[in-house]
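J.: coordinates only, no sequence provided:
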């Protein structure tokens, strides 16, 4: 028998996908100064949790193993043939007739930035190292969503996406009553429910990254230019996992991972599915706004800059207005008003409000709200517009670029 027969088969013949070991919290410092909160000393320093990531037990490992091969690495290749930006992604559709797959990832991996080399192509890497050149089907810098199309030479696994209802406890399940997207189910996500974040390295050994934590219903950010629809998981992921899937205990995708220093925010599947269906139907991106910024009432109570009496709106659920445009304010909807209905349907969360706005771009909607000063119920008609490029969400890149 020749010596070559004893050699380990090449990477592309591997049929297992072990979780690559990661050391937490990598090279993060114990604290980070928050310059934008320098006027508030108690909030000017961010503590990095030392034990944010939970142990991945046997059952969680079985769930991860069932879906892991649908998690891919994504990298932009510059004109010199080097990887420029890296991310993760996940396969959501596969056509066996054409052998074409559809992949979701983050848009910044395809972003052209001044002073950096031009991007020549986007490559996708499977769990065994096999790489494929991808075609960009959609790229939205507002939601930071990228859709890639890849012609595979084999069948590939896909992941199932489910919408979520953002609940504080199991008693809040009634808050999730909105229309589901085609072929979608709904996950009643409650505080403390398990969430696992998955990603993949874009270089040998193309290791799978898995981090486990729980759902936290509290708001991720109270800054208007950051995506306030994002939800929050307690674990901390590596930057290479950005664009990968956040999954529930059943292995279903509930959102796309992003990155922060003390938690992991994720864009919920509700946004992604609605956005993708809208794009497939119209060829345009779904970016609705009625020039109102706010948060779920139970989240808004924790805002450091908006003083909200605990007695206000007792017994209510709704979307609390924190900022509005001048036009909206002159129409009668002001700071601390509570939006409770849209076009006659109840609104209790930011995701429910997004659903209604997305279905009414270019139209007028009737918004019912409760006034802060006297708890009286009023309504106003507001236009739903497309968000202009100058008002797109900001997606800051962490300085701790850890792989």
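T.: Here it is on my side, so go on. These numbers come from a predicted model, not from an experiment.
J.: so which bits of the biggest helix by length in the chain are buried?
T.: Using DSSP state H, we find that the single longest helix of the chain is helix 269-282. Residues of helix 269-282 classed as buried: 269, 270, 271, 272, 273, 274, 275, 276, 277, 278, 279 (neighbour count, 16 or more other CB atoms under 10 Å). The C-beta positions use only the backbone N, C-alpha and C, and glycine is treated the same way.
J.: isn't the fifth one right next to residue 161, touching?
T.: Yes: the pair residue 273 and residue 161 passes the contact test of CB atoms under 8 Å, sitting 6.1 Å apart.
J.: ok, the residue positioned nearest the centre of the chain to residue 389 distance?
T.: Compute the mean C-alpha point of the chain, and by CA atoms, centre = their mean the closest residue is residue 267, 1.8 Å away. Between residue 267 and residue 389 the computed distance is 19 Å (CB to CB, to the nearest Å).
J.: what's around residue 266, how many residues?
T.: 27 (other CB atoms under 10 Å).
J.: and residue 361, how many neighbours?
T.: 17.
J.: how about it, phi and psi?
T.: Phi and psi for residue 361, reported as degrees, to the nearest 10, are phi -60, psi 130.
J.: with residue 264 instead?
T.: Dihedral angles for residue 264 - degrees, to the nearest 10 - are phi -130, psi 110.
J.: likewise for residue 75?
T.: phi -150, psi 140.
J.: what residues are up against it?
T.: Listed by CB atoms under 8 Å, 6 or more residues apart in numbering, the contact set of residue 75 reads 83, 84, 85, 86, 87, 109, 122, 123, 125, 202.
J.: change it to 7 Å
T.: Contact partners of residue 75, counting by CB atoms under 7 Å, 6 or more residues apart in numbering, are 83, 85, 86, 123, 202.
J.: show me which of those are buried.
T.: For the contacts of residue 75, buried by 16+ other CB under 10 Å: 85, 86, 123, 202.
J.: nearest to residue 370 among the residues you listed?
T.: Checking the buried ones among the contacts of residue 75 against residue 370 by CB to CB gives residue 85 as the nearest, at 45.2 Å.
J.: for the helix or strand that closest one falls within, give the mean pLDDT please.
T.: Element membership for residue 85 (DSSP states H and E) is strand 83-95. The pLDDT scores in strand 83-95 average 96.
J.: go on, stretch 152-159?
T.: Rounded mean pLDDT across stretch 152-159 is 96.
J.: follow-up on the earlier one: would you turn the contacts of residue 75 into CSV with distance to residue 65?
T.: Below are these laid out as CSV (distance: CB to CB, whole Å):
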residue, distance to residue 65
83, 27
85, 28
86, 24
123, 25
202, 21
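J.: you'd agree residue 267 is in a strand?
T.: Yes: secondary structure assignment places residue 267 in a strand (DSSP: H, G, I helix; E, B strand; the rest coil).
J.: got the phi/psi numbers for residue 108?
T.: Torsion angles, degrees, to the nearest 10, at residue 108: phi -70, psi -20.
J.: tilt between the longest helix of the chain and strand 83-95?
T.: 70 degrees (axes from the mean of the first three to the mean of the last three CA atoms, to 10 degrees).
J.: got the contact list for helix 269-282?
T.: 104, 138, 143, 145, 147, 161-164, 181-182, 184, 229, 253-256, 285-286, 351, 354-355, 358.
J.: in the host helix or strand of residue 212, which residues are buried?
T.: Secondary structure from DSSP H and E places residue 212 in strand 208-216. Residues of strand 208-216 classed as buried: 208, 209, 210, 211, 212, 213, 215, 216 (neighbour count, 16+ other CB under 10 Å).
J.: measure the fifth one to residue 263 for me?
T.: What that stands for is residue 212. In this view, residue 212 and residue 263 are 13 Å apart by CB to CB.
J.: related to what we said a few turns ago, in helices, which of the contacts of helix 269-282 fall?
T.: 351, 354, 355, 358.
J.: do you know how far the third one is from residue 165?
T.: According to CB to CB, residue 355 and residue 165 sit 11 Å apart.
J.: again with the first one
T.: Taken as CB to CB, the spacing of residue 351 relative to residue 165 amounts to 7 Å.
J.: mutual contacts of the two, please.
T.: Counting by CB under 7 Å, 6+ apart, residue 351 and residue 165 have no contacts in common.
J.: what's the burial count for residue 373?
T.: 9.
J.: and the helices in the stretch 51-200 of the chain?
T.: Using DSSP state H, counting those that start in this stretch, the helices of the stretch 51-200 of the chain run over residues 58-67.
J.: low-confidence ranges, it, go.
T.: Counting by pLDDT under 70, the stretch 51-200 of the chain contains low-confidence ranges at 51-52, 167-186.
J.: flag the shaky bits of the stretch 251-400 of the chain, pLDDT-wise.
T.: 300-315, 396-400.
J.: now the strands for it?
T.: 253-257, 264-268, 288-289, 292-296, 319-324, 338-342, 345-346, 364-370, 377-383, 385-386 (DSSP state E, counting those that start in this stretch).
J.: got the angle for the first one vs strand 83-95?
T.: Pointing back at strand 253-257 there. Using the same axes, to 10 degrees: strand 253-257 against strand 83-95 is 160 degrees.
J.: got the contact list for strand 253-257?
T.: 90, 104, 159-162, 164, 187, 189, 197, 199, 231, 237, 241-248, 264, 266-269, 272.
J.: what about 6 Å?
T.: 159, 161, 164, 187, 197, 237, 241-242, 244-248, 264, 266-269 (CB atoms under 6 Å, 6 or more residues apart in numbering).
J.: for the fourth one, same thing?
T.: The set of residues external to strand 292-296 that reach it, using CB under 6 Å, 6+ apart, is 219, 224, 319, 320, 321, 322, 323, 324, 328, 349, 350.
J.: give me the neighbour count for the nearest residue to the first one once chain neighbours are set aside.
T.: Put plainly, it is residue 219. Spatially, and ignoring its direct neighbours in sequence, residue 219 is nearest to residue 299 (4.1 Å; CB to CB, 6 or more residues apart in numbering). For residue 299, the neighbour count with other CB under 10 Å is 22.
J.: for residue 334, see how far away residue 256 is.
T.: Remark: distance between residue 256 and residue 334 (CB to CB) = 34 Å.
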